[in-house]
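> I need the structure of the sequence given here:
(one chain, ligands or ions: 2)
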Amino acid sequence: ENFARKNLIFYKKKILITAGPTYEPIDPVRFIGNHSSGKMGFEIAKASEKLGADVTLISGPCSQKLSHYSSIERINVMSSEEMYQAVIDYYHNNIDIVIMAAAVSDYRPETISKIKIKKNEESFSLPLIKNKDILLELGASKRNQFLVGFALETNNEEENALKKLQQKNLNMIVLNSLQDKGAGFSYDTNKITILDNKGNIEYFDLQTKEKVAENILKSIHEKIKT
Ligand code: CTP
Ligand code: CA
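Ligands and ions are numbered 1, 2, ... in the order given. You can find the predicted model right below:
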């Protein structure tokens with residue numbers, strides 16, 4: 001048993017994964033959210049555990065489940081501010097690898113109404129302010145951690161992903177292609193490209209998110225080894 005465990009490529013590695021959307025409250029009954037299903041992040045968490053890792057999963061509101069006997073530590077959060085706090089709390093706790101698969105909301109309502117907003121006006125605007133960029137902050141205070149981000153682009157995909165990789169001081173970025181039907185939000189499949197900070201680029205075919213998760217972890221392992 002001991003021997004088998006030691007052959008697992010992420011044996012005892014501490015991996016922090018985020019998944020799902022964030023909900024930014026408007027009033028007691030409403031929020032701003034997005035279509036992230038959480039599936040990609042949950043598949044990465046499950047695959048990491050299978051490879052022997054010590055996994056913490058910080059999840060936004062979604063309907064994904066981990067099996068009962070899973071040893072994954074799951075932390076549920078609602079807003080981007082809550083996700084930020086949870087991630088920062090864990091980051092300096094000897095984490096080896098961070099994988100930010102969550103679709104963090106870029107903006108939130110400037111004020112949260114304590115009472116339900118009534119439809120008194122014919123038109124209505126809601127002032128929004130920018131959220132903290134979690135990954136940017138992790139990158140700025142990076143020591144030995146291996147940082148992985150995701151990028152969702154509709155145009156100049158590789159160029160934009162590379163910019164994010166550099167700006168956020170990441171080791172690797174997973175580019176999600178929306179160009180193919182059947183890839184991305186709420187689908188069970190994804191088409192990805194992996195770029196790293198050494199200038200390498202890997203292209204993958206459309207695959208199930210379970211398989212995509214394995215490929216991402218394999219790629220991380222290769223990059224950490226060298
Ligand atoms: N991210 C984050 N904190 C935010 C926004 C994004 O940590 N407030 C992370 C995401 O989890 C993802 C990466 O940054 O891993 C890139 O997210 P993306 O939305 O593609 O890029 P942004 O930097 O937000 O830029 P934009 O949306 O303008 O393209
Ligand atoms: Ca964004």
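> excluding its backbone neighbours, what's nearest the residue sitting nearest the centre point of the chain?
Among the residues of the chain, the one closest to the centroid is residue 101, at 1.4 Å (C-alpha atoms, centre = their mean). Closest residue in space to residue 101, ignoring its immediate chain neighbours: residue 41 at 3.6 Å, by C-beta to C-beta, 6 or more residues apart in numbering. Heads up, the C-betas are built off the backbone N, CA and C, glycines and all.
> and the one you found, how many neighbours?
28 (other C-beta atoms under 10 Å).
> what do you get for residue 63?
Number of residues near residue 63 (other C-beta under 10 Å) recorded here: 8.
> next one: it, what pLDDT does it get?
On pLDDT, residue 63 comes in at 97.
> which SS class is it?
When classified by DSSP: H, G, I helix; E, B strand; the rest coil, residue 63 comes out as coil.
> then residue 66?
coil.
> contact partners for the residue lying closest to it once chain neighbours are set aside?
Of all residues beyond its chain neighbours, the one nearest residue 66 is residue 72 (5.4 Å), with distances taken as C-beta to C-beta, 6+ apart. By C-beta atoms under 8 Å, 6 or more residues apart in numbering, the contact list for residue 72 reads 45-46, 49, 55-57, 66.
> now do residue 77
22, 58-60, 83, 85-86.
> for residue 213, phi and psi?
Torsion angles at residue 213 (phi, psi; degrees, to the nearest 10) stand at phi -60, psi -40.
> what pLDDT does residue 5 get?
Reading off the model, residue 5 has pLDDT 66.
> likewise residue 187?
pLDDT, read off for residue 187, is 71.
> next, count neighbours for it.
Using other C-beta under 10 Å, residue 187 has 16 neighbouring residues.
> could you check how far it is from residue 85?
According to C-beta to C-beta, to the nearest Å, residue 187 and residue 85 sit 31 Å apart.
> can you tell me the SS state at residue 215?
State at residue 215, reduced to three classes by three-state DSSP: helix.
> which residue sits closest to it, ignoring its sequence neighbours?
residue 204 (5.9 Å).
> my read: the one you found touches residue 214, true?
No - contact status for residue 204 versus residue 214: not in contact, 10.8 Å apart, counting by C-beta atoms under 8 Å.
> excluding chain neighbours, what is closest to residue 85?
residue 77 (7.9 Å).
> looking at that neighbour now. What's its pLDDT?
Reported pLDDT for residue 77: 98.
> phi, psi of it?
Note on residue 77: its backbone torsions stand at phi -130, psi 170 [degrees, to the nearest 10].
> kindly provide the distance from it to residue 42.
From residue 77 across to residue 42, the span is 15 Å (C-beta to C-beta).
> please enumerate residues in contact with the strand ranked longest in the chain?
Assignment by DSSP state E gives strand 146-153 as the longest strand of the chain. Contacts to strand 146-153, defined as C-beta under 8 Å, 6+ apart, come from residues 40, 96-101, 103, 135, 138-139, 157, 160-161, 164-165, 168-176, 178, 184, 216, 220, 223-224.
> pLDDT at the residue nearest to residue 215, what is it?
96.
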